[in-house]
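Participant: need a structure here:
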Amino acid sequence: MDQTDYDCVSSVEHSIVLISANPVTLNTFTVQRRTMNMKISVLLKFVVYTGAILFSVLSPRITAAQEIANDILLSALKLEQPILLCGETVPVDDPQALERFEKEMLVSLGNRSQVILWLKRTTRYFPYIEQMLRENGLPDDLKYLAIAESALRMHAGSSKGAMGVWQLMPQTARKFGLVVDVNFDERRNLYLSTPAVVTYLKALYERFGSWSLSLAAYNMGEEGLESEILEQGVTNYYQLYLPLETQRFVFRILAIKRIVEAPQNHGFSLSPGDFYAPQTFSTVRVDAFTDLPLRLIANAAKTDFKTVKDFNPEIRGHYLAAGTRSVNIPSEGEAGFHDRLTALIEADTKIRSQRVYVVKEGDSLSGIAQKFEVPLAALLIWNRIGLRNVIHPGQRLVVFPASGAIQTDPKDIEGDESG
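Facilitator: Model prediction:
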């Protein structure tokens, strides 16, 4: 033990001796400890007493709310006869079919926040869907398929690759005329995908002869359903053993129909102002000789980039691919749009020609971005390249450095070299 250890021990011993030799100090500690215990005891009694009062006051209210909720759920299961979907009778007199329906009804009503979003979105998207179904002689109930598939979300996607309001697979979308590539995914656009879905549903009905089977085929695929029909020797959807998701699918659509048709019967009271307004826009034709930045279209339409993307969800990335394309813009930006766009394209082309950096030996994308003090992501957007793209000496890259950010030889920028 070194001198420091001896000093520490000696100090502790000295403190103990002082406390032991001073009864006043010991009495003070004892009093403080008893006072603290009394305060804690009083506090605990207060908490318990307050909790008891709150429970006695709120318990009846909670119980009443639970009873109301239970009554709503139970009333949702009471069915009149007959029950129809797409004009076809659903055999809810069959105990198994009734149980499948009740499950979907209760599951749907259990997610009340999601149901509210369904209802609020219907006024935005259902008018167009209803129009397309009516014009093509299809049952109005098919509009509920869009809620079952995506909850009316434009960008809804699945792990299997389905996309959009109607959750079309890429190969199915292309089969019915939609573009799905690196530049566009028309499954995301309700106004482009709905006509394709209408054609698809017609083909399914012609093939299977009933809407319950057509909806099952929509969910699991035509070949898969036809195989089960052939193997089981059954042509009635409600008697077929199918993948569990498909066995639930038609009943889920039926549950959605009953909730949306009479939300007040299921505890949802929305006023007219609670619903989302329909999208209103004008459609313009854009002839692009090269890939066109969407910000130029937004500026020409007197709006912002986000609005252009929201009105045209099928456009991928920050550019409209070269070619002729119909683009939706706010109606107030339609007058004079093409003149403004032409002027903006000319100005942008001139600026770009003056903002070209020639890649040198040893350059990297991150190094160039750092050199001009711009985000690497911005450099990738300006040049429509990916992070994994390899750049080569002599390659020309467009750079829009921030004002005053260039701290390098002006000759690095072709426009500065040419004057």
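
Participant: going forward, measure contacts between C-alpha atoms and count neighbours the same way
Facilitator: OK.

Participant: would you map the strands across the stretch 301-419 of the chain?
Facilitator: Defined through DSSP state E, counting those that start in this stretch, the strands belonging to the stretch 301-419 of the chain, from first to last, are 319-320, 323-329, 356-358, 396-398.

Participant: between the ones you listed, which gets nearest to Asn136?
Facilitator: Taking C-alpha to C-alpha as the measure, those were each checked against Asn136, and strand 323-329 came out nearest at 23.5 Å.

Participant: quick one: mean pLDDT for that closest one?
Facilitator: Regarding strand 323-329, the rounded mean pLDDT is 97.

Participant: residues contacting stretch 164-174, please?
Facilitator: The set of residues that contact stretch 164-174 without belonging to it, under C-alpha atoms under 8 Å, 6 or more residues apart in numbering, is 145-147, 149-158, 161-163, 179-180, 187-190, 193-194, 196-197.

Participant: what sits closest to Gly333 if chain neighbours are left out?
Facilitator: Of all residues beyond its chain neighbours, the one nearest Gly333 is Ala301 (4.3 Å), with distances taken as C-alpha to C-alpha, 6 or more residues apart in numbering.

Participant: ok, the one you found - contacts?
Facilitator: By C-alpha under 8 Å, 6+ apart, the contact list for Ala301 reads 329-330, 332-334, 337.

Participant: now for the residues you listed: which two are most distant?
Facilitator: Across those, no pair lies farther apart than Pro330 and Phe337, at 10.6 Å, counting by C-alpha to C-alpha.

Participant: hmm, back to that, list buried members of the contacts of stretch 164-174 by neighbour count.
Facilitator: In terms of neighbour count (16 or more other C-alpha atoms under 10 Å), the buried residues within the contacts of stretch 164-174 are 145-147, 149-154, 156-157, 162-163, 179-180, 187-190, 193-194, 196-197.

Participant: got the contact list for stretch 252-263?
Facilitator: Contacts of stretch 252-263 with the rest of the structure, by C-alpha under 8 Å, 6+ apart, involve 85, 101, 104-105, 108, 119, 141, 144-145, 147-148, 265-266, 269.

Participant: switch the cut-off to 6 Å
Facilitator: With C-alpha atoms under 6 Å, 6 or more residues apart in numbering as the test, stretch 252-263 has contacts from 104-105, 148.

Participant: can you give me how far that stretch is from the chain middle?
Facilitator: Averaged C-alpha coordinates place stretch 252-263 at 22 Å from its chain's average position (C-alpha atoms, centre = their mean, to the nearest Å).

Participant: flag every buried residue along it.
Facilitator: Under the neighbour-count criterion of 16+ other C-alpha under 10 Å, stretch 252-263 has 252-260, 263 buried.

Participant: and Thr349, how many neighbours?
Facilitator: Other residues within reach of Thr349, judged by other C-alpha atoms under 10 Å, total 12.

Participant: do the same with Glu223
Facilitator: Glu223 sits with 10 neighbouring residues when counted by other C-alpha under 10 Å.

Participant: likewise Arg295?
Facilitator: 19.

Participant: would you confirm that it contacts Lys306?
Facilitator: No: counting by C-alpha atoms under 6 Å, Lys306 is not a contact partner of Arg295; they are 9.2 Å apart.

Participant: skipping its backbone neighbours, what lies nearest Tyr125 in space?
Facilitator: Distances taken as C-alpha to C-alpha, 6+ apart put Pro278 closest to Tyr125, at 6.8 Å, once the chain neighbours are dropped.

Participant: tell me how many other residues surround the one you found.
Facilitator: The number of residues packed around Pro278, counting by other C-alpha under 10 Å, is 14.

Participant: just checking, it touches Phe126?
Facilitator: No: under the contact definition of C-alpha under 6 Å, Pro278 does not touch Phe126, with a separation of 9.1 Å.

Participant: got phi/psi on Val293?
Facilitator: For the record, residue 293 is Pro, not Val. Its backbone dihedrals place Pro293 at phi -60, psi 130, with angles given as degrees, to the nearest 10.

Participant: can you map out the helices along the stretch 251-400 of the chain?
Facilitator: Under the criterion DSSP state H, counting those that start in this stretch, helices of the stretch 251-400 of the chain are mapped to 294-300, 305-311, 337-353, 365-371, 376-383.

Participant: show me the contact partners of the fourth one.
Facilitator: This means helix 365-371. Under the criterion C-alpha under 6 Å, 6+ apart, residues Leu376 lie in contact with helix 365-371.
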